[in-house]
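> only geometry, no sequence info:
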DNA sequence: AATAGTTTTGCAAACGTTTTCATTTAAACC
DNA sequence: GGTTTAAATGAAAACGTTTGCAAAACTATT
């Protein structure tokens, strides 16, 4: 071993092997045009031979960017976030950055901790989900001056840049669709809105629209279910298995809607004749399920891509200041909804 | 600003503010027991006031661990990987590590690049999916001496540590189940096995079991579909929409199976009377879909957890050398399979 | 053959920590 | 109160890079 009894070769080892100075080696990586082709070749050979891999940590210490972006999500294991994370990560990668990811399980206190942790790693930029965060989290971000983008929710007056949709609008659109079809007896199944502004806003939008059209929802038709097919299926079983039941169910997201479809099928209900089911999100498979699910499309992929583009631009100084990007929602009328057939 | 016209306060700023030496500040973080409580309090106050956040990069330079583990996956946006990633990440977090993630889209060349990239970031350990990797990738890992664990596949003689299942066995079990029910006309829908040893092994196991029981599968009953409900549904539509069709379809994974269920439903076929459908994986929702899907359970969560535990142990020196951990598979007989009812 | 200009290279300081070793301060003992 | 021992602190080197500046080595021009 020509390496000084260390495990990993460093730039000095390379310099020695190539018989040039350290600076030349460094330059050969960072400003190849400044070093003579012959020398460069010698260096490359040395790198190859020694298996040298640059040490980002040392570069960071020198004030260079770390080349990492931190992403903090409630959970990775979730159809819609997974799609988002994938496109976010892909776009980051395309632009030469790597993603550091942390999940907090819908716990805003933990989210704060995760943000700190990522900052210790000197991420160049941060992204998190939604606009509801602890004061401490916002304070931290502002104090540290780390470029940050909030994903998923849109608000014109957000404290940080955001790329997302108006979730209240999504709720309104979903309700509107059912209203337009003539439904008056609507059941609601949403996730717990605590620390989840997406769910909260959707629910509020839904209630608003329903209320302003004179529709009132009995308390026992308003269910709460976590983000899980199994739980949603279970939760609405009792609601559906009664003579007096809603003609339509509006779900806080497509996963819940999927659970409801299965529950209805299980009970032998015909969709949409006996029951209309409305989702929000348009997750993968929502168009293929039988019957295909009517839903409000949220363009996860595009949101992820734009968010990544935005954060990289902020980091590289190609844009600055707080900006808000609104992504369009659209109604997808598929086979799970229709006019109510039962006469009251 | 008391900070020397820099954006982020460093340990020196803290030392000044607390009127102690740099060493004391550092010690107060790393060996709190070695510094007088009163001093520690003074330091903590200074940290608080200045908003100091430790710089991992500088620590890494000093030979400390980076506290990061790199995970390289084909794709994040995939039910089963998402579950795995989540549990892997959670366990890592529990043990004080952060996950750096990269995806390569089933491209082994890109995988190599991702591994390199993560090594530049000086991850303490690495994890990737399956045991099929480019020679370059294996060489890199061995040369750099970065602790690595292969997830998902088990092989007693693997080049690196692994935590996973025997995918060939999964294929065999699935086929066995269909055989046991009395099926002789079986259709196969699997993902493309190139660069995907999980799919490859499952398919091989399946074919083996079928073959050794004298079952032959016509070429046009062997379909290939990517990991996608929509594509799987589309792909098998033609296969199913014929008078002469298999009595059972065995799918390379549950997502494909889900697509097949929808296709069958769409065509008005009764499951399992007209068609038995068998999956592999046991993804979320597989037990709730109507009819619930018979499948081979692969314990993704447990695999992720064990893999994380293993890599951390390797990194912290609590274990070393190559080890192979086999996770158990189990047959889940649910409602999508039954004995064939049609008489030939 | 000498000069001016250009290209290529090297030296050394700086980045923010940790840690060894030495020194100071406090506590404990007779 | 002086000595011994233990606890707390500080000074400085080291980690692996990058980069401004200066020196050296070429090229081109006369």
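In hand now; what should we look at? Treat the numbers as computed from the prediction; the structure is a model and nothing was measured.
> Show me what the host helix or strand of residue A:99 is packed up against.
Under the assignment given by DSSP states H and E, the secondary-structure element containing residue A:99 is strand A:98-103. In terms of contact count using 3 or more CB pairs under 8 Å, 6 or more residues apart in numbering or on different chains; DSSP states H and E, strand A:98-103 is assigned the packing partners strand A:68-73, helix A:79-94, helix A:108-120, helix B:79-94, strand B:98-103. (Glycine included, C-beta is placed from N, CA and C.)
> does the fourth one come close to chain A?
Which is helix B:79-94. Yes - for helix B:79-94 and chain A, the contact criterion (CB under 8 Å from any CB of the partner chain) is met by B:79, B:82, B:83, B:85, B:86, B:89, B:90, B:93.
> out of the residues you listed, who's nearest DNA strand C?
Using CB to the nearest atom of the strand, residue B:93 is the member of these that lies nearest DNA strand C, at 20.2 Å.
> who's in contact with that closest one?
Taking CB atoms under 8 Å, 6 or more residues apart in numbering or on different chains as the criterion, residue B:93 is in contact with A:102, A:103, B:99.
> rewinding a little: the strand holding residue A:99 to helix A:79-94, inter-axis angle?
For strand A:98-103 against helix A:79-94, the angle by axes from the mean of the first three to the mean of the last three CA atoms, to 10 degrees is 160 degrees.
> So what touches strand A:98-103?
The contact list for strand A:98-103, computed with CB under 8 Å, 6+ apart, reads A:67-76, A:85, A:88-89, A:92-93, A:114, A:117-118, A:121, A:123, B:68, B:86, B:89-90, B:93, B:98-102, B:117-118, B:121.
> again, 6 Å this time
A:68-73, A:75-76, A:89, A:92, A:114, A:118, A:123, B:99-101 (CB atoms under 6 Å, 6 or more residues apart in numbering or on different chains).
> cool, and stretch A:315-331?
Contacts of stretch A:315-331 from elsewhere in the structure, counted by CB under 6 Å, 6+ apart, are A:124-125, A:147, A:154, A:156, A:158, A:161-163, A:165, A:169-170, A:173, A:177, A:296-297, A:299, A:303, A:306, A:313.
> Show the buried residues in those.
Buried members of the contacts of stretch A:315-331, counted by 16 or more other CB atoms under 10 Å in any protein chain shown: A:124-125, A:147, A:154, A:158, A:161-163, A:165, A:169-170, A:173, A:177, A:296-297, A:299, A:303, A:306, A:313.
> thinking again about what came up before, looking at the contacts of stretch A:315-331, which are in helices?
Using DSSP state H, the members of these that fall within helices are A:169, A:170, A:173, A:177, A:303, A:306, A:313.
> What is the neighbour count of residue A:230?
Residues within reach of residue A:230, counting by other CB atoms under 10 Å in any protein chain shown, total 15.
> got the contact list for it?
Neighbouring residues of residue A:230 by CB under 6 Å, 6+ apart: residue B:288.
> for the strand or helix carrying it, the distance to its chain's centre please.
Assigned by DSSP H and E, residue A:230 belongs to helix A:229-240. Between the centre of helix A:229-240 and the centre of its host chain there is 26 Å, according to CA atoms, centre = their mean, to the nearest Å.
> same deal with stretch A:16-33?
For stretch A:16-33 - counting by CA atoms, centre = their mean - the centre lies 41 Å from the chain centre.
> what about that stretch and DNA strand D, touching?
Yes - Stretch A:16-33 reaches DNA strand D (CB under 7 Å from any atom of the strand) through A:22, A:23, A:25, A:26, A:27, A:29, A:30, A:31.
> what residues does chain A put near chain B?
A:7, A:51, A:53-54, A:56-58, A:60-61, A:76-77, A:82-83, A:85-86, A:99-101, A:119-122, A:143, A:145, A:229-230, A:233, A:262, A:265-266, A:285, A:288, A:290 (CB under 6 Å from any CB of the partner chain).
> mind listing what's buried in the helix or strand of chain A with the lowest mean pLDDT?
Every helix and strand of chain A was ranked by mean pLDDT, DSSP states H and E. The lowest is helix A:229-240, at a mean of 94. Of the residues in helix A:229-240, those buried by neighbour count under the rule 16+ other CB under 10 Å are A:229, A:231, A:232, A:233, A:235, A:236, A:237, A:239, A:240.
> follow-up on the earlier one: from the residues of stretch A:16-33 next to DNA strand D, which would you call buried?
With neighbours counted by 16+ other CB under 10 Å, the residues of stretch A:16-33 next to DNA strand D contain buried members at A:25, A:26, A:27, A:29.
> In helices, which of those fall?
Secondary-structure check on those using DSSP H: residues within helices are A:25, A:26, A:27, A:29.
> and residue A:122, what does it touch?
Residues touching residue A:122, when contacts are defined by CB under 6 Å, 6+ apart, comprise A:60, A:66, B:57.
> okay, now residue A:105: neighbour count?
Neighbour count for residue A:105, taken as other CB under 10 Å: 11.
> With residue A:129 instead?
By other CB under 10 Å, 26 other residues sit near residue A:129.
> how far away is the nearest residue to residue A:7 once chain neighbours are set aside from DNA strand C?
Leaving out its chain neighbours, the residue that sits closest to residue A:7 by CB to CB, 6 or more residues apart in numbering or on different chains is residue B:145, at 5.8 Å. Computed as CB to the nearest atom of the strand, to the nearest Å, the residue B:145 to DNA strand C distance reads 20 Å.
> So what's the residue count around residue B:145?
Neighbour count of residue B:145, defined by other CB under 10 Å: 10.
> Report pLDDT for it.
At residue B:145, the predicted lDDT confidence score is 95.
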